[in-house]
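I'd like to go over a predicted model; first the sequence, then the structure.
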Amino acid sequence: MGTALITGATSGIGLTFARTLARRGHDIVAVARDRDRLEIVATELRGYGVEVELISADLTDREQLAVVERRVRDQPVEILVNNAGFGVMQQFAGGDLDAEQRMLDVLVTAVMRLTHAALPGMIEMGSGAILNVSSIAGWITGGTYSASKAWVTVFSESLAIEIAGTGVHVTAVCPGFTHTEFHQRASMEVDTIPEWMWLDSQEVVDRALIDVRRGRPVSVAGRQYKAMSIAVQYLPRPLVRALGARRPGR
């Protein structure tokens, strides 16, 4: 079934991708910062009878990122899931610029560099899938996080057009509010978010794998977010900017 490399593979959507692909027979290369959590995940995934390789790497560190780049360049994978997350809850003006830079390193630079490293091998094989986990936050004006996710979505859409006909598919996965550790780690206040707006990570992953197989450049799970994705394309920009205060995201 080939090998899938997943960043941010120890929790949330990334862990769900790892479990789902392992159940389907894919060998897994799991990438995350926490070695102990990687070992726990590896034990679980090996229970599905697949090979599991672990790479402990902080993607904000260019040297550690380069290790992951070399892995996908030298040993091509069938599936690349750029999932590692990073959130900064602060005003940009007067905020911690280093924190903003780290977020860009994870959400933009790592996605770009790992995709660039993986593509030649996939194109040579004539098959492959790249799933870049973006967010519906990229559709609104929700600070630098939204700006980063907008980049991921447009990058994925553009690349899908560029490599059409190669056998390789690229999809931006755009979840809304999803039950993961992400919001707690980013110190986001989510208590006021109604239950109907929440997604399950399995729903997001199942939809994404269907959409990338069908060659769809954008994947949106949940009827509520499918409707939102259509609405924001036609709403006046002043209203979209007003919606930015809600900052929806995974």
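Okay, I see it.

got the end-to-end distance for stretch 85-99?
13 Å (CA to CA, to the nearest Å).

Flag every buried residue along it.
If you call a residue buried by 16 or more other CB atoms under 10 Å, then stretch 85-99 has these buried ones: 85-88. (Glycine included, C-beta is placed from N, CA and C.)

can I get these in a markdown table with distance to Thr153 and pLDDT?
Listed next are these as a markdown table, based on distance: CB to CB, whole Å; pLDDT from 0 to 100:
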| residue | distance to Thr153 | pLDDT |
| --- | --- | --- |
| Gly85 | 15 | 92 |
| Phe86 | 16 | 87 |
| Gly87 | 17 | 81 |
| Val88 | 19 | 81 |
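
can I get those residues in TSV with distance to Ser201 and secondary structure?
Output for those, formatted as TSV (distance: CB to CB, whole Å; DSSP: H, G, I helix; E, B strand; the rest coil):
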residue	distance to Ser201	secondary structure
Gly85	12	coil
Phe86	18	coil
Gly87	16	coil
Val88	22	coil
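
Ends of stretch 125-142, what's the gap?
For stretch 125-142, the separation between the terminal residues is 39 Å (CA to CA).

Tell me which helix or strand comes right after the element among helices and strands of the chain having the smallest mean pLDDT.
The weakest-scoring helix or strand in the chain, judged by mean pLDDT, DSSP states H and E, is helix 182-185 (a mean of 48). Using DSSP states H and E, the helix or strand that directly follows helix 182-185 along the chain is helix 201-213.

Just the CA trace of that next one, in CSV.
Presented in CSV, the C-alpha positions along helix 201-213 are these (Å, rounded to 0.1, in the frame of the first residue of the first chain):
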residue,chain,number,x,y,z
SER,A,201,-11.5,14.3,13.5
GLN,A,202,-12.4,11.0,11.8
GLU,A,203,-15.1,12.8,9.8
VAL,A,204,-12.4,15.3,8.6
VAL,A,205,-9.9,12.5,7.7
ASP,A,206,-12.4,10.3,5.9
ARG,A,207,-13.7,13.2,3.8
ALA,A,208,-10.1,14.3,3.0
LEU,A,209,-9.1,10.8,1.8
ILE,A,210,-12.1,10.6,-0.4
ASP,A,211,-11.5,14.0,-1.9
VAL,A,212,-7.8,13.6,-2.6
ARG,A,213,-8.5,10.3,-4.3
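
what residues does that helix touch?
12-13, 15-17, 20, 129-131, 169-171, 173, 175, 178-180, 218-222, 250 (CB atoms under 8 Å, 6 or more residues apart in numbering).

What of stretch 13-23?
4, 6-9, 28, 30, 32, 41, 44-45, 48, 50, 52, 79, 81, 83-84, 131, 133, 173, 175, 178, 180, 201-202, 204-206, 208-209, 250.
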